[in-house]
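Colleague: Pasted the sequence and its predicted model underneath.
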Amino acid sequence: MTALKRIEFLRLKLTEDLVAILMEENGFAIEEAFAILYRSQTYAHLSNPNTKLYIQSAGYVYSLLEEELEKVNKI
């Protein structure tokens, strides 16, 4: 597996985990959870390999997302 494929795999796994947490913690439907995540700055950072956010745990990345969403009153 190439480095880029590993990064993509980790990003996709984190995306899956973050959506599951959004659904479980906040009662969002899957479509709403994906929409919230995809529109977030946290996801933009996660999608940028230079940030290396993809190597962090789902709990840590969720805490960043939660903080961001609280600032804009999404949750």
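Modeller: Yep, that arrived.
Colleague: from here on, contacts and neighbour counts on C-alpha atoms
Modeller: Fine.
Colleague: Can you list the buried residues in the helix or strand containing residue 35?
Modeller: Per DSSP states H and E: residue 35 is located in helix 30-38. Of all the residues in helix 30-38, those buried under the rule 16 or more other CA atoms under 10 Å are 33-34, 36-37.
Colleague: Tabulate the CA atom coordinates of that helix in CSV.
Modeller: Taking Å, rounded to 0.1, in the frame of the first residue of the first chain, the C-alpha atoms of helix 30-38 are listed here in CSV:
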residue,chain,number,x,y,z
ILE,A,30,-26.7,9.7,8.8
GLU,A,31,-27.3,12.2,6.0
GLU,A,32,-27.3,15.1,8.4
ALA,A,33,-24.1,13.8,10.2
PHE,A,34,-22.3,13.5,6.9
ALA,A,35,-23.4,17.0,5.8
ILE,A,36,-22.3,18.5,9.1
LEU,A,37,-18.9,16.8,8.9
TYR,A,38,-18.3,17.6,5.3
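Colleague: Can you list the neighbours in contact with that helix?
Modeller: Residues from elsewhere that reach helix 30-38 (CA atoms under 8 Å, 6 or more residues apart in numbering): 18-20, 22-23, 43-44, 65.
Colleague: how does it look with 7 Å?
Modeller: Contact with helix 30-38 is made by 19, 22-23, 43, as judged by CA atoms under 7 Å, 6 or more residues apart in numbering.
Colleague: All the helices of the protein, residue numbers only.
Modeller: 3-26, 30-38, 41-47, 58-71 (DSSP state H).
Colleague: Mean pLDDT added to those, as JSON lines?
Modeller: As requested, the helices of the chain are exported to JSON lines (pLDDT from 0 to 100):
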{"stretch": "helix 3-26", "mean pLDDT": "96"}
{"stretch": "helix 30-38", "mean pLDDT": "97"}
{"stretch": "helix 41-47", "mean pLDDT": "96"}
{"stretch": "helix 58-71", "mean pLDDT": "96"}
